[in-house]
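[1] Attaching a predicted model along with its sequence, questions to come.
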Amino acid sequence: MESETLDTPAIRSVAVIGSGLAGLTAAILLGKSGHRVRVFEKSRGPGGRMSSKRVADGSVDIGAQYFTGRDPAFLTFLETYASSDSFGQWGATFGFQQADKSWQPFPDESRYVGIPRMTAITRGLSEHVELTAQVRIARMNRAGSRWQLICTDGKDHGEFDQVVVTAPPAQTQELLTASGLMTLVNETRSPGGDILPCWAVAARFDEMPSAQFDAMRPDSDVLYWVANNSSKPGRNDDGQWWVLHATPEWTDANVDASPEKVSNDLLAEFKQLTGFDGTPTDSVAHRWLYARSASTDRPGFLWDQSEGVGIAGDWLVGGRVEGAWESASRLTQAMLAG
């Protein structure tokens, strides 16, 4: 048993499920407070929705497009644990198209991106944690006062005093249900009940499209977001990559469509929007089933002290990259206070 002083809490072992920004934030803050933390990630590496796709001449951001730093503590956290070189301001021009098809600039605000790709941030943060990748935790079994973690392959990944879950709401609910934690499942239903999907397409052009803005929110039934990924700092692309995000409604109606159909339809709308008639030399499509939250129920985080299980994620704060950090920070404060 670890030694304990009157002013130092007992060292706990904590499992964090998910290595997006929320999971890495929780792991770093808990580890900094002296607890033993291990992060489990179902994919090959960290990132979550701060995701980039490898392409022939580099990479392209297909998930979160940028983030803000409305709380200065968030940027300080990134500078400390991901390094100041892993992100920078995106000095792009942003335009919003109104219903009459006229364009207005976005409100003036500093917007940041990872350099040379969004995943540079989570890669930097992951260097401060113990990360086990390509393991999906399927259930948690009670082992006395601790939790035994079992993956989808049936392998035992050890026992932990506490567990932090940072997966999207549907996957969180699936894990909690399999673990018999129905009270927490019910608490996730309202904030996690309206997560919007998104088809994303990245397309590369030799000939540069001419557009009024580097990033656009068009008035379209098909396109929700359009951005020149090559305008972000540190990209140095050969050619020009554009990222197109479909609207939630269009994605819902085409959720099972082939990537080829999705690419063709979104590029046709891109042509309609910009007037550019060039043919992409390369393209990649990705379907996000859990892209962003539309719920107005925003508890910030969920923490069941009696069970030793907490839940964090941007969907509990209303979305935004910064929200993932905020949710995890608030959860860890509650855990450490207990």
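    Looks like it came in fine. Nothing here was measured: the structure is a model prediction, and the numbers come from that model.

[2] so what's T183 up against?
    D304 (C-beta atoms under 8 Å, 6 or more residues apart in numbering). In short, each C-beta sits where N, CA and C put it, glycine included.

[3] separation between it and A10?
    Distance from T183 to A10, counting by C-beta to C-beta, to the nearest Å: 25 Å.

[4] Do a quick rundown of the helices in the stretch 201-338 of the chain.
    Here the stretch 201-338 of the chain has its helices, by DSSP state H, counting those that start in this stretch, at 248-253, 259-274, 321-337.

[5] Now mean neighbour count too, for those, in TSV please.
    Formatted as TSV, the helices of the stretch 201-338 of the chain follow (neighbours: other C-beta atoms under 10 Å):
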stretch	mean neighbour count
helix 248-253	17
helix 259-274	17
helix 321-337	22
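
[6] Specify the stretch among those that is closest to D297.
    helix 321-337 (13.4 Å; C-beta to C-beta).

[7] Let me see the mean pLDDT of that closest one.
    In this model, helix 321-337 carries a mean pLDDT of 97.

[8] same thing with stretch 29-48?
    For stretch 29-48, mean pLDDT rounds to 95.

[9] Look up the closest residue to F160, ignoring the ones flanking it.
    Among residues not flanking F160 along the chain, A15 sits closest, at 4.2 Å (C-beta to C-beta, 6 or more residues apart in numbering).

[10] Quick one: closest of the helices of the stretch 201-338 of the chain to E187.
    Among these, if distance is taken as C-beta to C-beta, the winner is helix 321-337, at 13.2 Å.

[11] What about T281, how many residues nearby?
    12 (other C-beta atoms under 10 Å).

[12] distance of it from S231?
    Using C-beta to C-beta, one obtains 18 Å as the distance from T281 to S231.

[13] again, but for T76
    Note on T76: its distance to S231, by C-beta to C-beta, is 27 Å.

[14] and I11, how many neighbours?
    15.

[15] swap that for K42, please
    16.

[16] do T25 as well
    T25 has 27 neighbouring residues, counting by other C-beta under 10 Å.

[17] Find the nearest non-adjacent residue to it, please.
    A328 (3.8 Å).

[18] so the one you found makes contact with G23?
    Yes. A328 is within contact range of G23, at 7.3 Å (criterion: C-beta atoms under 8 Å).

[19] joint contacts of these two?
    In contact with both A328 and G23: V164, T166, A312, using C-beta under 8 Å, 6+ apart.

[20] Just those: which are in strands?
    Counting by DSSP state E, those place V164 in strands.

[21] Pick out the one among the shared contacts of A328 and G23 with the largest number of neighbours.
    Ranking the shared contacts of A328 and G23 using other C-beta under 10 Å puts A312 first, with 33 neighbours.

[22] Please verify my assumption that F276 contacts P209.
    Yes. Counting by C-beta under 8 Å, F276 does reach P209; the two are 4.0 Å apart.

[23] Looking at these two, which is more packed in?
    Between F276 and P209, counting by other C-beta under 10 Å, P209 is the more crowded of the two (19 against 16).

[24] distance of the more buried one from T76?
    37 Å.

[25] swap in A253?
    To T76, A253 is 43 Å away according to C-beta to C-beta.

[26] now swap in P233 and tell me
    Distance from P233 to T76, by C-beta to C-beta: 20 Å.

[27] Which phi and psi values does the closest residue to G318 other than its chain neighbours adopt?
    Closest residue to G318 apart from its sequence neighbours, by C-beta to C-beta, 6+ apart: R298 at 4.9 Å. Backbone torsions of R298, given as degrees, to the nearest 10, read phi -130, psi 80.

[28] surely R298 meets D314?
    No. Using C-beta under 8 Å, R298 is not in contact with D314; the gap is 10.1 Å.

[29] between the two, who's got more neighbours?
    Legend: neighbour count by other C-beta under 10 Å for R298 and D314, higher for D314 (26 against 15).

[30] Distance of the more buried one relative to G23?
    12 Å.

[31] Report the separation between the two terminal residues of stretch 16-35.
    12 Å (C-alpha to C-alpha, to the nearest Å).

[32] Any buried residues in it, and which?
    Judged by neighbour count (16 or more other C-beta atoms under 10 Å), stretch 16-35 contains these buried residues: 16-31, 33, 35.

[33] Residue nearest the middle of the chain, spatially speaking?
    Taking C-alpha atoms, centre = their mean as the criterion, R49 is the residue nearest the geometric centre of the chain, at 2.9 Å.
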